[in-house]
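S.K.: What follows is a predicted protein model with its sequence.
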Amino acid sequence: MISSVFNSLVFKNRSLILISLFILNFVLKILFLSTQDICIDEPYSIFHSQFGVEDIIRFLKPTNNPPLFEIILHYWIKVFGISAFSVRFLPLLFGSLAVIFIFRISEKLFSYQVGIASSLLYTFSTISIYYSHDCRVYTLFLLLTTISVYFFIKLFEGSSSFWDKLFFCACNLLIIYAHYFGFIVWFIEVTYVLIYGRKYFMRFAVLLGISIVFYLPQILIFLERFKQSSSEGTWIKELVTIENLYNRLWSFCNMPVVVVLCLAILVAAGVKKASSKLLKKENSEDGSNTNKKINLIGIWFFVPYVLMFVISFKVPIYLERYLIFIAPAFYILVCSLVNYLFDNKNLRNVAFFVLILSFAITLQLNPDKKRESSKVIDYVKQNKDSETLVIICAHDFINNFAFYYDKKIFQNVIPGIEYETLNKSLNSENVFPVRTINEINSDILKKFRKIIYLDAAADFSNPGNGILQALENNYKLNTKKHFNTIFDVYIFVS
């Protein structure tokens, strides 16, 4: 009787903690949800989500973007529209739900206290805020990763039900329809099974096989994208250096001082482990179980963290957005090592308090996207009249420009000719998104007394475009204005 009452109270407290963690995440993430401009890759996702589902799949097929997020967003915007608040509410929801599974994983493997601490580190991490304010796939990818790991752990407890297995299969399928790096999550789980759970291998292999069967419609597309990226590289031009390893940790820890604190915990835990082995202080059975649990989280974090760094020397992929799915593993790992380091409860509580406080006081609630898309487009509109030609480069900026220039143009999606329609609509407004100067007929240029050239990182996306040089050779520069961080607007007159 006493035991059942106690278990009931623990369950109620757990539910209250989970609800509180979700609400805290939700509130912190919604505060400045629409403050920053829709920018970078967000207009790409929003524009394509307006297509029909078949057209979304068709158009994204030759890209490195599997269609799951855009399909979900497609139905979302049908109900809630395409305002910045509306489209970002969806990734905010994914990012807030992830904390529930971070807590459940931590609690299941370690303790209630580790669950709360690691959840709060995630809650007070700027990276979790940033990507919850980003209408892209990344918080969905993070959420699906935490769900997959949670049900993966249940498989090895011997208590997994039919529904647990079903959710595991479904999640592992959805994760690779969300992002191709979902296969790295599979790789993490396979690695752990081969090292620590070979007796469960057949059970795991069957479940993974079911996910593979349902992925067959996409498998040839994935192989083609993998082949092309391997041979041609990616859009990322940055050379990978050893400094990138530190920078990625920085993105997880808000500020350098917090990185140092977390690294100190990792080093101290390593020293304690080494000394315990030398002095043979650890109980072999308890030590083995603890090692397996920490090693699962360690594999989740370190394998992608190092593997993707090494791969980036051949195919650059080492960006924080692509590593976001291992951020929860980092927080759980650090907190589990605090738990391991301090046997004294009071010292452990102090360590957790200092760690959580360091994240909380360095948190940025409104992280800067460093783009002034709306300002730059308003500036173009203010300086444009009927005798003005507007040239935009890079061409990839077309979606972002249309979003703030005229929502009707942005939303005028005709199946099969979506980009033709977008280009024609802008051209009718004397706006020409181009890749090179050769895409503009010289006779068109001669018709206008004023030319506005919007340079949106033109030399990065469309190197050798020749636009600025041609305009400087044939027109007089009247004004140049810079906008944070990639935009330059030139106004030329004849």
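M.R.: That came through, no problem.

S.K.: Please enumerate the helices of the stretch 351-494 of the chain.
M.R.: Per DSSP state H, counting those that start in this stretch, the stretch 351-494 of the chain has helices spanning 373-382, 398-405, 407-411, 418-427, 442-446, 458-461, 467-474. These are given in chain order.

S.K.: can you list those in TSV and add mean neighbour count and distance to I77?
M.R.: Just so you know, the C-beta spots here come from the backbone N, C-alpha and C atoms, and that holds for glycine as well. TSV is the format used below for the helices of the stretch 351-494 of the chain (neighbours: other C-beta atoms under 10 Å; distance: least, C-beta to C-beta, whole Å):
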stretch	mean neighbour count	distance to I77
helix 373-382	18	19
helix 398-405	23	13
helix 407-411	15	10
helix 418-427	16	15
helix 442-446	12	35
helix 458-461	17	26
helix 467-474	15	33
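
S.K.: Can you check which of the ones you listed gets nearest to N65?
M.R.: With distances scored as C-beta to C-beta, the stretch of these nearest to N65 is helix 398-405 (13.4 Å).

S.K.: Restricting to C-alpha, output that closest one in CSV.
M.R.: The C-alpha atoms that make up helix 398-405 are tabulated as CSV, following Å, rounded to 0.1, in the frame of the first residue of the first chain:
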residue,chain,number,x,y,z
ILE,A,398,14.4,35.4,-55.0
ASN,A,399,12.2,33.7,-52.4
ASN,A,400,13.2,36.1,-49.5
PHE,A,401,12.8,39.1,-51.8
ALA,A,402,9.3,38.1,-52.9
PHE,A,403,8.3,37.4,-49.3
TYR,A,404,8.8,41.0,-48.2
TYR,A,405,8.3,42.7,-51.6
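
S.K.: List of residues touching it?
M.R.: The set of residues that contact helix 398-405 without belonging to it, under C-beta atoms under 8 Å, 6 or more residues apart in numbering, is 37-39, 42-44, 46-47, 82, 373-374, 377-378, 380-381, 392, 409-410, 419, 422-423, 425-426, 429, 431, 433, 454, 456.

S.K.: before we move on, back to that, output the helices of the stretch 351-494 of the chain in JSON lines, with mean pLDDT appended to each entry.
M.R.: Converted to JSON lines, the helices of the stretch 351-494 of the chain look like this (pLDDT from 0 to 100):
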{"stretch": "helix 373-382", "mean pLDDT": "96"}
{"stretch": "helix 398-405", "mean pLDDT": "96"}
{"stretch": "helix 407-411", "mean pLDDT": "96"}
{"stretch": "helix 418-427", "mean pLDDT": "95"}
{"stretch": "helix 442-446", "mean pLDDT": "81"}
{"stretch": "helix 458-461", "mean pLDDT": "91"}
{"stretch": "helix 467-474", "mean pLDDT": "92"}
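
S.K.: Is it possible to get those out as JSON lines so that each row also shows distance to S161?
M.R.: Below are these laid out as JSON lines (distance: least, C-beta to C-beta, whole Å):
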{"stretch": "helix 373-382", "distance to S161": "48"}
{"stretch": "helix 398-405", "distance to S161": "45"}
{"stretch": "helix 407-411", "distance to S161": "45"}
{"stretch": "helix 418-427", "distance to S161": "44"}
{"stretch": "helix 442-446", "distance to S161": "67"}
{"stretch": "helix 458-461", "distance to S161": "50"}
{"stretch": "helix 467-474", "distance to S161": "61"}
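
S.K.: nearest to S211, of those helices?
M.R.: helix 418-427 (31.6 Å).

S.K.: Can I get that closest one in CSV? Just the C-alpha atoms.
M.R.: Included here for helix 418-427 are C-alpha records, laid out as CSV according to Å, rounded to 0.1, in the frame of the first residue of the first chain:
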residue,chain,number,x,y,z
GLU,A,418,6.2,27.7,-59.7
TYR,A,419,9.5,29.5,-60.3
GLU,A,420,8.5,30.6,-63.8
THR,A,421,5.5,32.3,-62.3
LEU,A,422,7.6,33.9,-59.6
ASN,A,423,10.2,35.2,-62.0
LYS,A,424,7.6,36.5,-64.4
SER,A,425,5.7,38.3,-61.6
LEU,A,426,8.9,40.0,-60.4
ASN,A,427,9.9,40.8,-64.0
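
S.K.: Right, I'll leave it there.
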